[in-house]
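K.L.:
Sequence first, then the predicted structure:
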Amino acid sequence: MKRIGRAQWKILAVLTAILVVGATGAYLLIHKARERKTFLGNIDSGYRCRFTLSSVWQWAVTAQGTARAVDPPPPIAVDYAQFDLPPPSPMSKWLSLHLLHPGAVPQDLPKIGLFSYPLSEFPAKFRLIQGYPSPDWQGTAPKHTQSHLFIDGCPATVIYLTTSVTGKPLHCVYLLVYEPTRSFLYCVGGNSASNDSAWFHREMQAIVASFHVEKVPVPAGKH
């Protein structure tokens, strides 16, 4: 049996260390992705939304470099939040590029946003169809699938569609929840340009399953 030289042992040791670090990082990332945190929307007329999202999401960084929603939110908006995934670490990029295959590192990470307005003031055009919120497609609707449900007594619509941006597929999921007491619309939308959109779809399904519209007692003198 041919003995392994000192230089070869060094190479094996380095590769082993890289694999151990990479595996540890992957385990920690997967564990964190499974943890969920609760997002509480702003209170408007005694109502707010609540849902959970994976702990890996972080506030989107604005043009001014502040790690907070959007700068500045429209005056009429009650909720206007955007979330990004943290960019891959240099080690993750190296492992993906050299040990998996070129292009394994996603260039366009998924994004999620929460927007809520009075229905009549929503920037995008929405309307009620048979009592359920729906986009006003302004012509031929893009190919999509949708389902209806009730969330805390509020009619809601979940929309799945795939469109194309600069020749690449963009997977989109939208949750529309209409609160009839105030004629108010909540929209949680997400998109992913990654070829592997399975995790993104599971995350959006978890958000839909955890979404609530709750009535919050308003302190005296703040009606």
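P.N.:
Cool, got the structure.
K.L.:
Tell me which stretches of the protein form strands.
P.N.:
With strands called from DSSP state E, the chain shows them at 36-40, 47-54, 58-59, 79-84, 111-118, 126-129, 132-135, 144-151, 154-165, 168-179, 184-192, 212-215.
K.L.:
okay, the ones you listed in a markdown table with distance to Ala198 next?
P.N.:
For the C-beta atoms, the positions are set from N, CA and C on the backbone; glycine is no exception. Shown next, in a markdown table, are the strands of the chain (distance: least, CB to CB, whole Å):
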| stretch | distance to Ala198 |
| --- | --- |
| strand 36-40 | 18 |
| strand 47-54 | 14 |
| strand 58-59 | 21 |
| strand 79-84 | 19 |
| strand 111-118 | 16 |
| strand 126-129 | 28 |
| strand 132-135 | 25 |
| strand 144-151 | 16 |
| strand 154-165 | 13 |
| strand 168-179 | 10 |
| strand 184-192 | 10 |
| strand 212-215 | 26 |
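K.L.:
what's the burial count for Gly153?
P.N.:
Neighbourhood size, Gly153 [other CB atoms under 10 Å]: 9.
K.L.:
hmm, I was thinking of Lys37
P.N.:
Using other CB under 10 Å, Lys37 has 10 other residues around it.
K.L.:
Go ahead and confirm it touches Ser55.
P.N.:
Yes - judged on CB atoms under 8 Å, Lys37 makes contact with Ser55 at a distance of 5.3 Å.
K.L.:
ok, Trp57 touching Leu109?
P.N.:
No - under the criterion of CB under 8 Å, Trp57 makes no contact with Leu109, lying 10.4 Å away.
K.L.:
neighbour count winner among these two?
P.N.:
Set Trp57 next to Leu109 and count neighbours by other CB under 10 Å: Trp57 wins out with 20 against 15.
K.L.:
How about the more buried one: what's its closest non-neighbour residue?
P.N.:
Nearest non-adjacent residue to Trp57, counting by CB to CB, 6 or more residues apart in numbering: Phe83, 4.2 Å away.
K.L.:
quick one on the thing from earlier: in TSV, list the strands of the chain along with mean pLDDT.
P.N.:
Compiled in TSV, the strands of the chain are given as follows (pLDDT from 0 to 100):
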stretch	mean pLDDT
strand 36-40	92
strand 47-54	94
strand 58-59	82
strand 79-84	87
strand 111-118	90
strand 126-129	90
strand 132-135	93
strand 144-151	95
strand 154-165	91
strand 168-179	91
strand 184-192	93
strand 212-215	96
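K.L.:
so which of the ones you listed gets nearest Glu203?
P.N.:
Of all the strands of the chain, strand 47-54 sits nearest to Glu203, with 5.7 Å by CB to CB.
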